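In: Sequence isn't available, so here's the structure alone:
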């Protein structure tokens, strides 16, 4: 298999970044699968087959959600913006612009990371 | 602005980056516990306790006909290391000086890393139960001479296997013991470090603050570190000469499988 989820030479990337990239690749794959099942369900006329596909798509919803939560826990700025956008009624674009402005362009220059050094887990960094 | 009050500090964006980078660079090699135990979080400064899923009985109840239990939780601890940086040094750094004096920050970073290591591996009286305090295995002696280390390390691995604890296994070595290992070659010139790695089938880490050494399983699920506020630089106060800053974190630590580690006394 290839390792094309890495945009930079893997040997130069810290373990946490490699894990982050793998999670991003996984998120993409789950989103693609959701889209494929949506198309299949739109054309499938056999109720039994459609039920199986609907169940399979539910699995992909779960996988996508777990990948996303895992990524958001590791990216405080992303999490902060997501909190301003997700599960809110109203204008999505307005929420997005407001959340971005608050997280990235606010008065506090360290708001995106809330001052954290972002060290987190060092499993795999054995020096 | 959050509780770190960074925007109140008389520090430019470039100097904050310099300080953050320096802190990360100094902390990362010394944070041995994070290299070996499961890490979850960060959950934020507001996060105060880890769920244990356990309860304690309550003898008193508000009225007849009901029973009560109280949830038990593991409170997070806060650790903070204060230090001062010369404002003149920061001004020079803003001018492009490449050798600002950040020794006080380096020392604080080392101290807070040591505090984290000691808390996880040995415990923090009244606050955190460390791996050493939990391990039911009889302590083994590492000995004074590095040449003899393979025997107790192999003994510790055998003891873990005997208790059904699978690998890979890791070795956390105190500063003195780590130095002895890396400078020692066995008969025939084979590096001791490599010999120990083959026994463990896992990593050997420098763990400043650890007394002696600890062999532990890295299979996962045995040692749980929960971060509230991950390590961060905050602002306290300043005058015309210095700015007073601090490194801070909050965390809890829980041993789920006490049998998964063996302590090797110095």
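Out: Cool, got the structure. What you see is a predicted model; the values in this text were computed from it and never measured.

In: Just want to check the distance between residue B:110 and residue B:22.
Out: 12 Å (C-beta to C-beta, to the nearest Å). Where C-beta positions appear, they are placed from N, C-alpha and C, glycine not excepted.

In: Show me what secondary structure element comes after the lengthiest strand in chain B.
Out: Of all segments of type strand in chain B, defined using DSSP state E, the longest is strand B:242-255. Reading on from strand B:242-255 to the C-terminus, the next helix or strand found by DSSP states H and E is strand B:261-265.

In: Parallel or antiparallel, list what pairs with that following strand.
Out: The partner list of strand B:261-265 in its sheet, established with DSSP bridges, is strand B:140-141 (parallel), strand B:213-217 (antiparallel).

In: Check the ones you listed for me and report the most buried one.
Out: Each of these was assessed for mean neighbour count using mean count of other C-beta atoms under 10 Å in any protein chain shown. The highest is strand B:213-217, with a mean of 27.

In: how distant is it from the center of its chain?
Out: On the basis of C-alpha atoms, centre = their mean, to the nearest Å, strand B:213-217 sits 14 Å off its chain's mean C-alpha point.

In: What's the mean pLDDT across that strand?
Out: Strand B:213-217 shows a mean pLDDT of 96 in the predicted model.

In: Then stretch B:75-84?
Out: Mean per-residue pLDDT for stretch B:75-84: 98.

In: buried ones in it?
Out: For stretch B:75-84, the neighbour count (16 or more other C-beta atoms under 10 Å in any protein chain shown) marks B:76, B:77, B:79, B:81, B:83, B:84 as buried.

In: swap in stretch B:57-66?
Out: Buried, per 16+ other C-beta under 10 Å, within stretch B:57-66: nothing.

In: Can you give me the end-to-end span of it?
Out: Taking C-alpha to C-alpha, to the nearest Å, the first and last residues of stretch B:57-66 lie 13 Å apart.

In: just stretch B:200-215 next, same as before
Out: Using C-alpha to C-alpha, the gap from the first to the last residue of stretch B:200-215 comes to 9 Å.

In: State the helix or strand in which the residue positioned nearest the centre of chain A lies.
Out: Using C-alpha atoms, centre = their mean, the residue of chain A that lies closest to the mean C-alpha position is residue A:68, 3.4 Å off. For residue A:68, the enclosing helix or strand under DSSP H and E is helix A:47-74.

In: Tell me the helices and strands packed up against the next helix-or-strand element following that helix.
Out: Elements were assigned by DSSP H and E; along the chain past helix A:47-74, the next helix or strand is helix A:76-85. The contact analysis (3 or more C-beta pairs under 8 Å, 6 or more residues apart in numbering or on different chains; DSSP states H and E) places helix A:76-85 against helix A:47-74, helix A:92-104.

In: And helix A:76-85, what's buried?
Out: Buried, per 16+ other C-beta under 10 Å, within helix A:76-85: A:76, A:77, A:79, A:80, A:81, A:82, A:84, A:85.
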